[in-house]
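Colleague: pasting a predicted model and its sequence here:
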Amino acid sequence: MKAAKKNLRDMTVSDLEGLCTEHEVQKFRARQVFKWLYKGIKSIDEMSDIPLDFRNILKESFYIGSIEIEKKFLSQKDGTVKYLLKLKDGNIIESVLMKYGFGISVCLSTQVGCRMGCSFCASTIGGLIRNLTPGEVIDEVLTMQEDCQERISNIVLMGSGEPFDNYANIIKFLKIVNDKDGLNIGMRHITLSTCGLVPEIIKLGDLNLQLTLAVSLHAPNDEIRREIMPVANKYAINDIIDACRYYINKTNRRITFEYSMIKGVNDGIDNAYELAELLKGLLCHVNLIPINEIEESKHKKSHMGRVNEFKKILENKGIEVTVRRELGADINAACGQLRKNYVSNNRGEARF
Ligand SMILES: C[S@@+](CC[C@H](N)C(=O)[O-])C[C@H]1O[C@@H](n2cnc3c(N)ncnc32)[C@H](O)[C@@H]1O
Ligand code: SF4
């Protein structure tokens, strides 16, 4: 049986060079083909300077990916746009476009669903359906860029899914995004957020990519973390902090710790002191986020007064803190909420 065709945007320049070698085509054609993929073409036939023979070879095994906009929601409050995007196989993902003073930032999904089971997160309801390919994540960017008619300058991998649970594809995605003939977005304009998979934090540190790593900590100790994040049964908080220290030493980059504040669970004054102690001496920044409540979870958001008290304690201990601005609050702000409301599914169990 013939293998299914692949999205040509899954290929890095070196993958395409491999293809050239395989078909005895001159290597420089690889970059030529790659360049075309980011010039807005919809078919391989539009690659006018690529010899017909090679175009035919490409057409046998590849197509140029595209994603359909299924629905679009525009926030009346701040101009944030949330998209429900339909993949080739019919799966739905959500992506968000935000306008800031410095440019346009997009928040991308890396998987269809997620298997990590965090108790406050809508993305994990229904479990993991499948990983996104590098080209599909690229196509999220291109679809939003075409729709808004402006260049996207910043990327955050903070939509549905755990990027480190799809490590190889996400590294490929980063290479393509960063390539001057790809999307030409500098690593310093990219943030990757993880729930704290220790081996992958170390592997990424070894690559020294200069992107911003955000670690979703959400608790100052293992006991509270295990209550809300099943992944904490696999990786202890001290091992995460050690991996972060390794990452900082390798890259010289400041790490962001995400701390979603849940009333009565992780927002105690003692929790703030414990967190300050845990992060003492680390090159880091803490982002406090009052959780977005979702109907499937009993968690409630912390009062703003408590969030500010928590912030002050960390600041007094010398830790840099911001309280994250809530964008698109009027259009299902919690990540995964739009998709979940659109696709009805059974709750998936985390496997730890
Ligand atoms: C959806 S996750 C995707 C990236 C990665 N899986 C992670 O957990 O860091 C991005 C961030 O959104 C946070 N998040 C998820 N659900 C939330 C909610 N209901 N309220 C506030 N933050 C939430 C996560 O904890 C994480 O910091
Ligand atoms: S917070 Fe991140 S890791 Fe946890 S369930 Fe949501 S997407 Fe997955």
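Modeller: The structure has been received and is ready for your questions. Ligands and ions are numbered 1, 2, ... in the order given.

Colleague: got the phi and psi for A122?
Modeller: The phi and psi torsions at A122 (degrees, to the nearest 10) take the values phi -70, psi -20.

Colleague: burial count for it?
Modeller: 24 (other CB atoms under 10 Å). Placement of C-beta: from N, CA and C, glycine included.

Colleague: strands along this structure, start to end?
Modeller: For the chain, the strands defined by DSSP state E cover 6-7, 62-63, 68-74, 81-86, 92-100, 103-107, 111-113, 128-131, 154-157, 190-194, 212-216, 255-261, 284-290, 320-323.

Colleague: quick one, which of the ones you listed gets closest to ligand 2.
Modeller: Between ligand 2 and the strands of the chain, the shortest gap by CB to the nearest ligand atom is with strand 212-216, which sits at 5.9 Å.

Colleague: possible to save the strands of the chain as TSV with mean pLDDT?
Modeller: Listed next are the strands of the chain as TSV, based on pLDDT from 0 to 100:
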stretch	mean pLDDT
strand 6-7	96
strand 62-63	97
strand 68-74	95
strand 81-86	96
strand 92-100	93
strand 103-107	95
strand 111-113	98
strand 128-131	98
strand 154-157	97
strand 190-194	98
strand 212-216	98
strand 255-261	97
strand 284-290	96
strand 320-323	96
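
Colleague: can you redo the ones you listed as CSV with mean neighbour count and distance to ligand 2?
Modeller: Shown next, in CSV, are the strands of the chain (neighbours: other CB atoms under 10 Å; distance: least, CB to the nearest ligand atom, whole Å):
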stretch, mean neighbour count, distance to ligand 2
strand 6-7, 16, 23
strand 62-63, 18, 29
strand 68-74, 14, 20
strand 81-86, 20, 16
strand 92-100, 22, 11
strand 103-107, 20, 12
strand 111-113, 24, 8
strand 128-131, 19, 9
strand 154-157, 21, 10
strand 190-194, 21, 7
strand 212-216, 21, 6
strand 255-261, 23, 8
strand 284-290, 19, 11
strand 320-323, 16, 19
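
Colleague: quick one: closest of the ones you listed to T21.
Modeller: Nearest to T21 among the strands of the chain is strand 62-63 (16.4 Å), distances taken as CB to CB.

Colleague: from what I see, I41 and S66 are in contact.
Modeller: No - between I41 and S66 there is no contact under CB atoms under 8 Å: 10.8 Å.

Colleague: contact residues of the stretch 151-300 of the chain facing ligand 2?
Modeller: Residues of the stretch 151-300 of the chain found near ligand 2 (CB under 6 Å from any ligand atom) are 160-162, 195, 216.

Colleague: about what we covered before: can you lay out the strands of the chain as CSV showing distance to ligand 1?
Modeller: Listed next are the strands of the chain as CSV, based on distance: least, CB to the nearest ligand atom, whole Å:
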stretch, distance to ligand 1
strand 6-7, 23
strand 62-63, 29
strand 68-74, 17
strand 81-86, 14
strand 92-100, 10
strand 103-107, 8
strand 111-113, 9
strand 128-131, 11
strand 154-157, 7
strand 190-194, 4
strand 212-216, 4
strand 255-261, 4
strand 284-290, 5
strand 320-323, 12
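
Colleague: and of these, who's closest to K35?
Modeller: Smallest distance to K35 across the strands of the chain (CB to CB): 15.6 Å, for strand 62-63.

Colleague: just send the strands of the chain back as JSON lines, with distance to K312 too.
Modeller: JSON lines is the format used below for those (distance: least, CB to CB, whole Å):
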{"stretch": "strand 6-7", "distance to K312": "49"}
{"stretch": "strand 62-63", "distance to K312": "55"}
{"stretch": "strand 68-74", "distance to K312": "35"}
{"stretch": "strand 81-86", "distance to K312": "33"}
{"stretch": "strand 92-100", "distance to K312": "26"}
{"stretch": "strand 103-107", "distance to K312": "28"}
{"stretch": "strand 111-113", "distance to K312": "37"}
{"stretch": "strand 128-131", "distance to K312": "39"}
{"stretch": "strand 154-157", "distance to K312": "27"}
{"stretch": "strand 190-194", "distance to K312": "25"}
{"stretch": "strand 212-216", "distance to K312": "22"}
{"stretch": "strand 255-261", "distance to K312": "14"}
{"stretch": "strand 284-290", "distance to K312": "11"}
{"stretch": "strand 320-323", "distance to K312": "9"}
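
Colleague: of the ones you listed, which is nearest K298?
Modeller: The closest of those to K298 is strand 255-261. By CB to CB, the value is 14.6 Å.

Colleague: tabulate the CA atom coordinates of that closest one in PDB.
Modeller: C-alpha atoms of strand 255-261 as PDB (Å, rounded to 0.1, in the frame of the first residue of the first chain):
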ATOM      1  CA  ILE A 255      13.000  31.100  33.500                       C
ATOM      2  CA  THR A 256       9.400  32.100  34.000                       C
ATOM      3  CA  PHE A 257       7.500  30.200  36.600                       C
ATOM      4  CA  GLU A 258       3.700  30.100  36.000                       C
ATOM      5  CA  TYR A 259       1.700  30.000  39.200                       C
ATOM      6  CA  SER A 260      -2.100  29.800  38.700                       C
ATOM      7  CA  MET A 261      -3.700  30.900  41.900                       C
END
